[in-house]
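**Q** what would the 3D arrangement of this be:
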Amino acid sequence: LPVLNEFYSNFYDGKVKIVPLDLSSLSPLALAHWIMQDGSRGTSKGFYLCTDSFTHADIQRLSLYLSNRYDIKCSIHKSGGNYRIYILAKSVETVKIHILPFMHKTMTYKLGV
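**A** From the prediction side, this is the model:
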């Protein structure tokens, strides 16, 4: 759809998925959608954001943005040859405050609800 062309140009360089330099569109609503689609529970009461297709530098920038903008403590874990953002258990409550109003009830299990 032509209405999606702007998103495509922001998040793709040709056919390669990228993280845009301007992360202001990563609102609580967008974060909720990201977690519902690409989030998974970790083994230590935290959870992962699947970022496998991004570069390590892009993932570092995303992690820093989550920390600075939302006070979400996270780390970067290697998974195979890729990297994922791990939201620490101590920040899950902070994440809930920001995104639970936007989460579908069938997906709140990803936050331990």
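**Q** could you pull out the strands for this structure?
**A** Using DSSP state E, the strands found in the chain span residues 12-13, 16-17, 39-41, 47-49, 74-79, 82-87.
**Q** between those, which gets nearest to L1?
**A** Across the strands of the chain, the minimum distance to L1, taken as Cβ to Cβ, is reached by strand 12-13, at 15.1 Å. In short, each C-beta sits where N, CA and C put it, glycine included.
**Q** I figured R84 hits C74, correct?
**A** No: using Cβ atoms under 8 Å, R84 is not in contact with C74, being 9.9 Å away.
**Q** pull out the buried positions in stretch 45-60.
**A** The neighbour-count check on stretch 45-60 (16 or more other Cβ atoms under 10 Å) flags 46-49, 51, 54, 58-59 as buried.
**Q** show me which of those is closest to L88.
**A** Using Cβ to Cβ, G46 is the member of the buried residues of stretch 45-60 that sits closest to L88, with 5.1 Å.
**Q** and the closest one, what does it touch?
**A** Residues counted as contacts of G46 (Cβ atoms under 8 Å, 6 or more residues apart in numbering) are 86-89, 91-92.
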